[in-house]
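Asker: turn this into a model:
(one chain, ligands or ions: 1)
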Amino acid sequence: MRPSDFDTAFISHAPGYWPEDSMSRWSDFKWQLRNRVDSLTDLEARLRLTDVERAGVLLAGHKLAMSITPHFFNLMDRDDPECPIRRQVIPRIEEGWNAPEELSDPCGEDSHMPVPGLVHRYPDRVLFLVTDRCASYCRYCTRSRVVSGVGEQHLETQWEAAFRYLEKTPQIRDVLLSGGDPLLFSDERLDKILTRLRAIPHIQFIRIGSRIPIFLPQRITPELCAMLKKHHPLFISIHTNHPRELTSEVRDALGRLADAGIPLGNQSVLLRGVNDSVEIQKTLVHKLLMCRVRPYYLYQCDLINGSSHLRTPVAQGVAIIEGLRGHTTGYAIPQFVIDGPGGGGKIPINPNYIVEAGTGHLTLRNFEGEIFDYPDPSPMPRAEMVRLQQQAMPHAGC
Ligand SMILES: *Cc1c(COP(=O)(O)O)cnc(C)c1O
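Answerer: Below is the predicted model of the structure:
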């Protein structure tokens, strides 16, 4: 799997599958939302589906809805059912089979909610699930049990109780707004939520997790950016998996956020047939730096129901990090993590550069496979200390 010219360049794919006259509304995010592809009929009007995809779409209605913005839809290859964009948003028949290791709540979030909608797993920070809707739905969604409104559970965020919990829990200094996608809310609604959080003195750091800059870059309006910058320090973690997703519209939207002083990070999910090669990952992280986005996490795909066709062996993630570290800019390298099944939190997984841990020294290897011996510090000999003391202060009587 190698990136094509199509993937490496920042280009617009509009109008793509849409008629030329839709371009007058193209940059209106409400038009993009109204014109999402969310039915088999819509989909088949534009793409020739395989049987694996057609069956997947029919099954998806009871698990996780399908919905694709026109902007993102245009990144799909009409003729290639294995296209890395198609695999992320078009359901496939494999989603209908749950492997024995899979779970509906793979990160054990439901058992760590002191208040419905608020996940408190780490000592000093919380995950606040503010909505169950997204601009488009990722087929490997870790929260598919509650997201999109058609699955087995419904998100019932208790707003007042959640704010009261935050107010009375002073060890919480970091709030992560997620869902669903918080940037689907109106500017006014988001402003109210952020204002309420900012009124809590112990909350230092706020971030928003969002794939809207990728699915719906038109939503990143100057008005939204002006509102967000009132609530600093505010970070945004975006989610992009494949370099083709970084179009010229996305680069411009990320530029508006960066110009508003919002530090940007990216979270990718390692997905089979989408981004499971060093070449694709390297192109992705280089494009991210050009958009002023720092790669943050590379996630092993969670053990979510119906995901085995998208998951990779852990060794593949380690090989990707090994293929990046030393070979490219350190800022471009994300931390590879596994979210511990059942609620262990994020566990960092790294290539092993320690060949041997001896007494008083380590044997290390570098990114080129060369071996280095690295000694622990030696204690200064007592005689040396006496000698130097006499040299520095010859007249100080003993
Ligand atoms: C990922 C996550 C966070 C944030 O973790 P960081 O390592 O600080 O990015 C907080 N709470 C929950 C439940 C999470 O899953």
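Asker: and the helices in the stretch 1-150 of the chain?
Answerer: Taking DSSP state H, counting those that start in this stretch as the test, the helices found in the stretch 1-150 of the chain are 5-8, 29-34, 40-44, 51-60, 70-73, 84-89.
Asker: with the stretch 251-398 of the chain instead?
Answerer: Assigned helices in the stretch 251-398 of the chain, in chain order: 278-290, 314-324, 382-392 (criterion: DSSP H, counting those that start in this stretch).
Asker: out of the helices of the stretch 1-150 of the chain, nearest to the ligand?
Answerer: Closest approach to the ligand among those is made by helix 84-89 (20.4 Å; C-beta to the nearest ligand atom). C-beta coordinates here come from the backbone N, C-alpha and C atoms, glycine included.
Asker: contact partners of that closest one?
Answerer: Here helix 84-89 makes contact (C-beta atoms under 8 Å, 6 or more residues apart in numbering) with 1, 47, 53, 66, 68, 72, 75-77, 80, 136-140, 241-242, 244-245, 271, 273-275, 280, 310.
Asker: just the buried ones from the residues you listed?
Answerer: In the contacts of helix 84-89, burial by neighbour count holds for 47, 53, 66, 68, 72, 75-76, 136-140, 241-242, 244-245, 271, 273-275, 280, 310, counting by 16 or more other C-beta atoms under 10 Å.
Asker: what would the helices of the stretch 251-398 of the chain look like in a markdown table with distance to residue 370 and mean pLDDT?
Answerer: Output for these, formatted as a markdown table (distance: least, C-beta to C-beta, whole Å; pLDDT from 0 to 100):
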| stretch | distance to residue 370 | mean pLDDT |
| --- | --- | --- |
| helix 278-290 | 20 | 98 |
| helix 314-324 | 14 | 98 |
| helix 382-392 | 33 | 96 |
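Asker: so which of those gets nearest residue 159?
Answerer: With respect to residue 159, and counting by C-beta to C-beta, the nearest of the helices of the stretch 251-398 of the chain is helix 278-290 at 33.7 Å.
Asker: and the residue nearest the centre of the protein?
Answerer: Nearest to the geometric centre of the chain sits residue 267, at 2.3 Å (C-alpha atoms, centre = their mean).
Asker: what sits opposite that residue in the beta ladder?
Answerer: Per DSSP bridges, the residues bridged to residue 267 are residue 239, residue 297.
Asker: what confidence value was assigned to it?
Answerer: Here the pLDDT value assigned to residue 267 is 98.
Asker: repeat that for the one 3 residues further on.
Answerer: The confidence metric pLDDT takes the value 98 at residue 270.
Asker: and it, how many neighbours?
Answerer: 21 (other C-beta atoms under 10 Å).
Asker: kindly report the same for residue 385.
Answerer: 10.
Asker: list the contacts for residue 12?
Answerer: For residue 12, the contacting residues are 247-249, by C-beta under 8 Å, 6+ apart.
Asker: my error: substitute residue 102 in the last question.
Answerer: Counted by C-beta under 8 Å, 6+ apart, residue 102 has contacts 303-308.
Asker: is there a quick PyMOL command that grabs whichever of those are buried?
Answerer: Of the contacts of residue 102, the buried ones go into a single PyMOL selection, burial set by 16+ other C-beta under 10 Å:
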select buried, resi 303+304+305+306+307+308
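Asker: picking up where we left off before, out of the helices of the stretch 251-398 of the chain, which one sits most buried?
Answerer: Most buried of those, by mean neighbour count (mean count of other C-beta atoms under 10 Å): helix 278-290, with a mean of 20.
Asker: what is the orientation angle of that helix with helix 314-324?
Answerer: With axes from the mean of the first three to the mean of the last three C-alpha atoms, to 10 degrees as the basis, helix 278-290 and helix 314-324 are set at 60 degrees to each other.
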